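Participant: sequence-free structure coming up:
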């Protein structure tokens with residue numbers, strides 16, 4: 001398959017399970033290699049990753065559940081609870097962080113670009129997330145990208161001993177593909193692209 005084919009194959013998979021062939025070590029090898037070789041502005045390498053397997057994976061989603069229980073109206077919580085159950089049913093969760101100490105260091109080193117480094121950091125984490133997601137898809141592992149930050153950040157940091165300078169940006173829940181993704185639709189190319197010669 002070509003790189004474009006792998007991009008097309010990568011989809012949001014909501015029906016995930018624990019029936020995957022890879023070990024945590026094998027998954028970590030894919031995850032860490034994808035992040036290591038993902039480009040970043042000024043080669044900042046500001047992306048940080050925490051991989052949660054087994055009890056840690058479930059503990060993370062319990063933190064999310066109990067945090068949401070405090071803010072979601074009781075009459076609406078059943079749907080929220082079911083969604084968290086579907087994520088907890090997965091095999092693992094990959095937490096994506098950006099190290100703010102790196103960004104601040106670059107701002108001090110290159111003050112003319114100071115306002116840009118937080119934006120470029122968001123680009124870096126997005127590229128890392130996409131690289132990991134696509135690499136996992138290539139080996140048959142399903143995933144969906146979630147964003148429960150910042151409401152969970154403090155408790156997650158305390159639970160998993162996360163450095164204070166790491167800022168949580170996204171959570172990729174991964175596992176076996178128990179049902180395929182739905183059909184993907186696209187807006188007209190003419191609304192998205194312009195070409196000039």
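Facilitator: Looks like it arrived, so ask away. As the structure is a computational prediction, the values presented were derived from the model and not from experiment.

Participant: could you pull out the strands for the chain?
Facilitator: Here the chain has its strands, by DSSP state E, at 16-17, 47-53, 92-99, 142-146, 166-177.

Participant: partners of the longest one in the sheet?
Facilitator: If I follow you right, that is strand 166-177. Counting by DSSP bridges, the strands paired with strand 166-177 are strand 16-17 (antiparallel), strand 92-99 (antiparallel), strand 142-146 (antiparallel).

Participant: I'd like the strands of the chain laid out as JSON lines, including distance to residue 192 and mean pLDDT.
Facilitator: Using the backbone N, CA and C atoms, a C-beta is placed for each residue, glycine as well. JSON lines is the format used below for those (distance: least, Cβ to Cβ, whole Å; pLDDT from 0 to 100):
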{"stretch": "strand 16-17", "distance to residue 192": "30", "mean pLDDT": "98"}
{"stretch": "strand 47-53", "distance to residue 192": "27", "mean pLDDT": "98"}
{"stretch": "strand 92-99", "distance to residue 192": "26", "mean pLDDT": "98"}
{"stretch": "strand 142-146", "distance to residue 192": "21", "mean pLDDT": "98"}
{"stretch": "strand 166-177", "distance to residue 192": "24", "mean pLDDT": "98"}
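
Participant: what angle separates the lengthiest helix in the chain from strand 92-99?
Facilitator: As assigned by DSSP state H, the longest helix anywhere in the chain is helix 117-138. Helix 117-138 and strand 92-99 are oriented at 160 degrees to each other (axes from the mean of the first three to the mean of the last three Cα atoms, to 10 degrees).

Participant: what helices and strands are in contact with helix 117-138?
Facilitator: Contact analysis of helix 117-138 by 3 or more Cβ pairs under 8 Å, 6 or more residues apart in numbering; DSSP states H and E lists helix 3-9, helix 24-37, strand 47-53, strand 92-99, helix 100-109, strand 142-146, strand 166-177 as its packing neighbours.

Participant: relative to residue 18, which of the ones you listed is closest?
Facilitator: With Cβ to Cβ as the measure, strand 166-177 is the member of these nearest residue 18 (6.0 Å).

Participant: separation between residue 105 and residue 176?
Facilitator: When distance is defined by Cβ to Cβ, to the nearest Å, residue 105 is 40 Å away from residue 176.

Participant: who's more crowded, these two?
Facilitator: residue 176 (18 against 14; other Cβ atoms under 10 Å).

Participant: what about residue 2, neighbour count?
Facilitator: Residues lying near residue 2 (other Cβ under 10 Å) number 7.
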